[in-house]
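Student: need the 3D shape of this:
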Amino acid sequence: MRVVDFIASGFYISKIPSYFSKRESKFRGCGLFGTLLAFILLPLTPEKNNLLFLIVFTLFAIYISHNAFILSGEKDNPLIVIDEICGYWWCFLFFEKNIINAISLFVFFRIFDTIKPWPIKKLENINFRGFSIVIDDIVAGLYASFVMFLSLCFLV
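Tutor: Numbers count the residues shown, from 1 in each chain. So this is what the prediction gives:
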């Protein structure tokens, strides 16, 4: 099951801040590092059939997250960051993949993933852990897209 741990942790990227952090809390910076990995890997995601890719990757992320949850036994293990990768990529469902959008959506996504406005916080409590781990980040990504859209409407 080391493969599940390797993939769920974003190729062990989440272990970097966890290693240096003296905190035992959930807020160690692992999610930030997971989103940074998603940012770096964004050019590798497809331009065409993006929705199909997102659905397939989401199902894969749910499967990996569920198995990582079973292995760790933690309700919300901060080392699982495949959900941040998935959620950040959902930001681009309606946006072109360019550096300005990538940075702006990165900031908006991190804000929503951290503060977890309604109903994101409620979604974390769904019984099927793999789904609940991933769905709150997808909704945070969609919130980020919506705020980006509103920002562009008012700026342009």
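
Student: any weak-confidence spans in the chain?
Tutor: 1, 18, 21-28, 156 (pLDDT under 70).

Student: now do the contacts for the closest residue to residue 141 other than its chain neighbours.
Tutor: Excluding the flanking residues, the one nearest residue 141 by Cβ to Cβ, 6 or more residues apart in numbering is residue 90, at 3.6 Å. Every residue, glycine included, has its C-beta placed from N, CA and C. Contacts for residue 90 (Cβ atoms under 8 Å, 6 or more residues apart in numbering) come out as 54, 58, 137-138, 141-142, 145.

Student: check which residues of the helix ranked longest in the chain are buried.
Tutor: Secondary structure of the chain per DSSP state H: the longest helix is helix 129-155. Using 16 or more other Cβ atoms under 10 Å as the test for burial, helix 129-155 gives 129-145, 147-148.

Student: coming back round to it: and of the contacts of residue 90, the nearest to residue 19?
Tutor: residue 137 (22.7 Å; Cβ to Cβ).

Student: so how far is residue 20 from that closest one?
Tutor: Separation of residue 137 from residue 20 (Cβ to Cβ, to the nearest Å) stands at 23 Å.
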